[in-house]
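Q: missing the sequence, but the structure's below:
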């Protein structure tokens with residue numbers, strides 16, 4: 001099982017503690033450290049996920065998790081032309097690596113330190129620590145996604161910069177220890193998932209964006 005590089009700083013200390021507890025025959029401690037280590041290994045797993053769809057009109061999920069919100073937003077609230085929001089809640093048992101929802105160029109990137117509301121709360125979308133990333137493809141189709149940190153840990157990782165070109169399914173970062181990702185789509189997007197659906201990062205087609213009018 002491949003692990004995200006961001007996880008090794010957490011995993012290595014518990015590997016050492018587990019080895020030490022076994023060496024001094026503290027088996028109760030060894031069991032505790034093993035359970036913590038198993039949790040961390042599961043949390044920081046980074047399975048290979050290539051963009052499942054080759055159709056340029058498909059938008060794939062940037063995150064593992066459960067669809068917790070589908071709604072309309074005001075034009076310009078997030079970015080001009082983006083009026084549909086789809087939110088994905090990531091539990092501690094989901095893969096927390098994020099991947100590009102479509103191929104295109106990052107035309108805008110903004111980080112906000114924010115606060116620490118629970119990620120399933122609607123106000124976390126506007127008030128928690130977050131990255132906003134806006135991507136435009138060669139057809140002129142635009143989407144945006146927000147990486148939103150959770151209640152306890154506020155650690156967002158984003159590996160790209162404004163102006164970079166990203167490929168659908170490409171790893172772009174991760175959010176540590178409970179979080180949420182919001183997608184913002186144009187009005188013409190046809191959303192392919194429903195409330196409470198489980199989605200897989202890099203695999204599930206969450207929307208289809210037709211050719212511009």
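A: Received the coordinates, thanks. In this text the structure is predicted, and so the values were computed from the model without any measurement. Residues are numbered from 1 along each chain as shown.
Q: so what's the nearest residue in space to residue 186 that is not next to it in sequence up against?
A: What sits nearest to residue 186 in space, not counting adjacent residues and going by Cβ to Cβ, 6 or more residues apart in numbering, is residue 81, at 5.3 Å. From N, CA and C alone the C-beta is placed, and that goes for glycine too. With contacts defined as Cβ atoms under 8 Å, 6 or more residues apart in numbering, the neighbours of residue 81 are 75, 142, 186-187.
Q: show me the helices in the chain, by range?
A: 8-23, 27-43, 124-127 (DSSP state H).
Q: domains of the protein?
A: Residue ranges for each domain of the chain read 5-43, 58-208, as given by automatic domain parsing.
Q: coming back round to it: tell me which of the helices of the chain sits most buried.
A: Comparing the helices of the chain on average neighbours per residue, with mean count of other Cβ atoms under 10 Å, the densest one is helix 124-127 at a mean of 19.
Q: report the mean confidence score over it.
A: In this model, helix 124-127 has a mean pLDDT of 55.
Q: likewise for stretch 13-29?
A: Stretch 13-29 carries an average pLDDT of 92.
Q: repeat for stretch 66-77
A: Computed over stretch 66-77, the average pLDDT equals 95.
Q: now do the buried residues in it.
A: Applying a neighbour-count criterion of 16 or more other Cβ atoms under 10 Å, one finds 66-68, 70, 73 buried in stretch 66-77.
Q: please apply the same query to stretch 81-95.
A: 81-90, 94-95.
Q: between these, which is nearest residue 32?
A: For residue 32, the closest of these turns out to be residue 94, at 24.0 Å, with distances computed as Cβ to Cβ.
Q: pretty sure that closest one is touching residue 65, no?
A: Yes: the pair residue 94 / residue 65 is scored as a contact, 4.9 Å apart, by Cβ atoms under 8 Å.
Q: still on that earlier bit, report the buried members of the contacts of residue 81.
A: Burial by neighbour count, judged by 16+ other Cβ under 10 Å, picks out 142, 186 from those.
Q: for the closest residue to residue 204 other than its chain neighbours, what are its contacts?
A: When the adjacent residues along the chain are set aside, residue 204 lies closest to residue 61, with 4.4 Å between them (Cβ to Cβ, 6+ apart). The contact partners of residue 61, by Cβ under 8 Å, 6+ apart, come to 88, 101, 199-206.
Q: if you set the cut-off to 10 Å instead, what comes out?
A: With contact taken as Cβ atoms under 10 Å, 6 or more residues apart in numbering, residue 61 is in contact with 49, 52, 67, 86, 88, 98-99, 101, 145, 181, 183, 192-193, 197-207.
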